[in-house]
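Participant: with the sequence up front, the predicted model follows.
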Amino acid sequence: MKVICNNLQTTNRISKYQKPIMEPTTPTADKESSEVEELKSQITALKSQLAAAKSQASQIPPLAPPPHLWLLLADSALPIGSFAFSSGLESYISHRSLRPVTGKPTPKMELIRFLRLSLLSVSTTTVPFIAAAFRDPSGVMEVDDVFDSSTTCEVARRASISQGRALCSVWDKSFAASLLDTRGCGGLPTGFRPEHFGPAWGYITRLCGVEGTDGGVEMVGFVFLFNHVKALLSAAVRLSLIGPYVAQQVLASEEVVGLVKAAVGRGVGIPVEEAGQSVPTVDLWQGRHERLYTRIFNS
Amino acid sequence: MASSTTTPTQSSSSSIPAGDGLVHVRVLPPSKLTLHQLNYKYPLKLISPAPSQWAKSLTVFVLSYGGGLVSGDEVNLRVVVEGEGRLCLQTQGSTKIFKEKTPTTPPTIQRMTVRIHSGASFLLLPDPVQPFAESNYIQHQIFELEDTTSDTSSLVVLDWVTEGRTARDEHWSLKRFESRNEFFGVTNPADNTTERETTRGRLLLRDAMILDGEMLCGDETLRDRQDSQTIFATVVIRGKPFAQLVAYIKTRYANEPRIGQKRWDTDDDSRRHNRIEVEARNNGVLWAASSVRGFLLVKVSGVEMEGVKRFVRGLLSEVNEDGVPRADGCITEEFGTGMFRCLE
């Protein structure tokens, strides 16, 4: 929008500048009519620019929903218990002695590596289902069932179901009352309660009022993965891999933003039927979480 | 179950499209296992050794001419196992996937659809797929189970992939690899004569692995991402006849030495654990088992082929603590001996 406004101003400036040059060369009698002509042509030019800007504006995803909603969804205090899960990080670190490691990676390097692998894995396993549930909320239960059949790691299933159910409870007990009052749901079916985190995220965010556009689905995916990174970093702090300052440093880094964006871009383009595990070792680490001698996380 | 040499309508028929094949197992009264149909067309080849008089099952070898598939090759195999039928599909050596000729040639595709009737049992125990450098491969296997309520449609499926030709320094140098195993129920089992896709019911389980060799994750290539693992295997088991096998695997997984701060091999607590688990771990084998929607799913990875082979063989033949296979192990009981050729 800003760019378009600037353009308009520039055109105005040019025409003002042009007028004095033209004045002395035109006789006074013709002056008025020529000025009228010029203004008319300016008006038509501006009108066409306005039309172009309007059509462009309709393509730009609307800025709604307000930041308020995004802040709610990205809130660490959202009571869905994400921080009880490490998505395989704890197991990955515990398997250090059993994994052939080259060089001597620092705990921070290991964390960043896991972060990359985890985001890649989630982008091809979960994000397609978020996108599908978001795009077609009426088909969410089928998407949820397919996700259930496609998530073959027992530990990952438990983590996903626990957070999915919790998210639906948050909707029922908190968001529905405050968000549905102010605006209807635009005819969206509000009665479904998907079990798994991914499909529930796509569905509930849509109910919360995020527009069902490409921009909307990307933003919803971004917030989901950003929350995933936050949960991983929080787990890393509690596993004493890094301190809280380094955690924020990683979270604020350009690399993490880039990774999350790339993961969203990759994931929303994958149809549900083509989703699958792209980092097979993640399944093993996460699956073996149950076999840890001591553990502080549920996954 | 007695069966004698069968005379199926075995042909390399010219009326079917290239790469297509059909294996149809039927049991004739009183209990004679027969290959009702066996058709195939280049580049697919199917061989069925005549079963011995007391064979409990039929074995069909799935081969490709030249022992591998080139880019653009497309294999479509349909398998039907009728009630009380026992069929084991094997290969004779790894399935080599050659490199993509040009960037525009289509990928190598292998599709298989298996219909398992009530009371029928199916084994898929092939050698691993070996994707060479720059290969582009899609494998899609669909299993349709007619009886999922009392679980008499049973199966054991092994799907595994190796890193390529190590002798030529290929380590996950493939371009793309996709493997999908889908297990469906059947909505209208009464209509089993047509075996149309329309009777395919609810998706019960989908296990999919997608390896993208062209993508970098940070600065990590596919090889880096695989964490020195050279082989990944998935085993899926379902059905009443394999209940004992499933219980055996679950127990073994429950008895896995714990991974902790203390080293497992010097840890007093873990000395009591199975020698075979310790051996497996020494061989760099990592595994996990999960029960999902009526299936048992086992994932295994390892740093070297032999270790993983021995481990999977041990698992499927239900070896005891000394590594001796159980005499009445499920697979031997149901199918007879010689089922583990690809694991030897």
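Facilitator: That came through, no problem. Numbers count the residues shown, from 1 in each chain, chains lettered A, B, ... in the order given.
Participant: how about the contacts made by A:Gln78?
Facilitator: No Gln there; residue A:78 is Leu. Going by C-beta atoms under 8 Å, 6 or more residues apart in numbering or on different chains, A:Leu78 touches A:Leu72, A:Val170, A:Asn227. (Glycine included, C-beta is placed from N, CA and C.)
Participant: no, scratch that, I was asking about B:Phe335
Facilitator: Per C-beta under 8 Å, 6+ apart, neighbours of B:Phe335: B:Lys56, B:Ser57, B:Arg86, B:Cys88, B:Ser121, B:Leu123.
Participant: doesn't A:Ser76 belong to a helix?
Facilitator: No - counting by DSSP: H, G, I helix; E, B strand; the rest coil, A:Ser76 is not found in a helix; it is coil.
Participant: what's the pLDDT at it?
Facilitator: What the model reports for A:Ser76 is a pLDDT of 85.
Participant: which ones among the contacts of A:Leu78 map onto helices?
Facilitator: A:Leu72, A:Val170, A:Asn227 (DSSP state H).
Participant: can you tell me which of the residues you listed is nearest chain B?
Facilitator: Nearest to chain B out of the ones in helices among the contacts of A:Leu78 is A:Asn227 (C-beta to the nearest C-beta; 20.3 Å).
Participant: enumerate the residues of the stretch 51-200 of chain B near chain A.
Facilitator: Within the stretch 51-200 of chain B, the residues that sit near chain A (C-beta under 8 Å from any C-beta of the partner chain) are B:Glu178, B:Arg180.
Participant: so which strand or helix has B:Val161?
Facilitator: Per DSSP states H and E: B:Val161 is located in strand B:154-162.
Participant: next, the contact list for the most centrally placed residue in chain A, please.
Facilitator: Closest residue to the average C-alpha location of chain A: A:Phe222 at 1.8 Å, with C-alpha atoms, centre = their mean. By C-beta under 8 Å, 6+ apart, the contact list for A:Phe222 reads A:Val260, A:Lys261, A:Val264.
Participant: quick one: which of those residues is nearest A:Arg116?
Facilitator: Nearest to A:Arg116 out of the contacts of A:Phe222 is A:Val260 (C-beta to C-beta; 10.8 Å).
Participant: how close does the closest residue to the closest one other than its chain neighbours get to chain B?
Facilitator: Excluding its sequence neighbours, the residue lying closest to A:Val260 (C-beta to C-beta, 6 or more residues apart in numbering or on different chains) is A:Leu225, at 4.7 Å. For A:Leu225, the distance to chain B equals 14 Å [C-beta to the nearest C-beta, to the nearest Å].
Participant: got a pLDDT number for A:Leu225?
Facilitator: Reported pLDDT for A:Leu225: 97.
Participant: just the buried positions in stretch B:54-68, please.
Facilitator: B:Ala55, B:Lys56, B:Ser57, B:Leu58, B:Thr59, B:Val60, B:Phe61, B:Val62, B:Leu63, B:Ser64, B:Gly68 (16 or more other C-beta atoms under 10 Å in any protein chain shown).
Participant: I should have written stretch A:103-122 there, sorry.
Facilitator: Buried, per 16+ other C-beta under 10 Å, within stretch A:103-122: A:108, A:110-122.
Participant: which ones among those residues map onto helices?
Facilitator: Reading helices off these with DSSP H, I get A:108, A:110-122.
Participant: among those residues, which are within reach of chain B?
Facilitator: Answer for these near chain B (C-beta under 8 Å from any C-beta): A:Ile112, A:Arg113, A:Arg116, A:Leu117, A:Leu120.
Participant: in JSON lines: those residues, plus distance to A:Arg96 and pLDDT.
Facilitator: Formatted as JSON lines, those follow (distance: C-beta to C-beta, whole Å; pLDDT from 0 to 100):
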{"residue": "A:Ile112", "distance to A:Arg96": "15", "pLDDT": "94"}
{"residue": "A:Arg113", "distance to A:Arg96": "12", "pLDDT": "93"}
{"residue": "A:Arg116", "distance to A:Arg96": "17", "pLDDT": "95"}
{"residue": "A:Leu117", "distance to A:Arg96": "14", "pLDDT": "95"}
{"residue": "A:Leu120", "distance to A:Arg96": "20", "pLDDT": "96"}
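Participant: re the thing from before, in strands, which of the contacts of A:Phe222 fall?
Facilitator: Judged by DSSP state E, strands contain none of the contacts of A:Phe222.
Participant: what would these look like in CSV with pLDDT?
Facilitator: Compiled in CSV, those are given as follows (pLDDT from 0 to 100):
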residue, pLDDT
A:Val260, 97
A:Lys261, 96
A:Val264, 97
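Participant: in the stretch 51-200 of chain A, what residue comes closest to chain B?
Facilitator: Counting by C-beta to the nearest C-beta, the stretch 51-200 of chain A gets nearest to chain B through A:Glu154 (3.6 Å).
Participant: for that residue, which non-adjacent residue is spatially closest?
Facilitator: Per C-beta to C-beta, 6+ apart, closest to A:Glu154 is B:Ser290, 3.6 Å.
Participant: then B:Pro126?
Facilitator: Nearest residue to B:Pro126, sequence neighbours excluded (C-beta to C-beta, 6+ apart): B:Thr91, at 4.2 Å.
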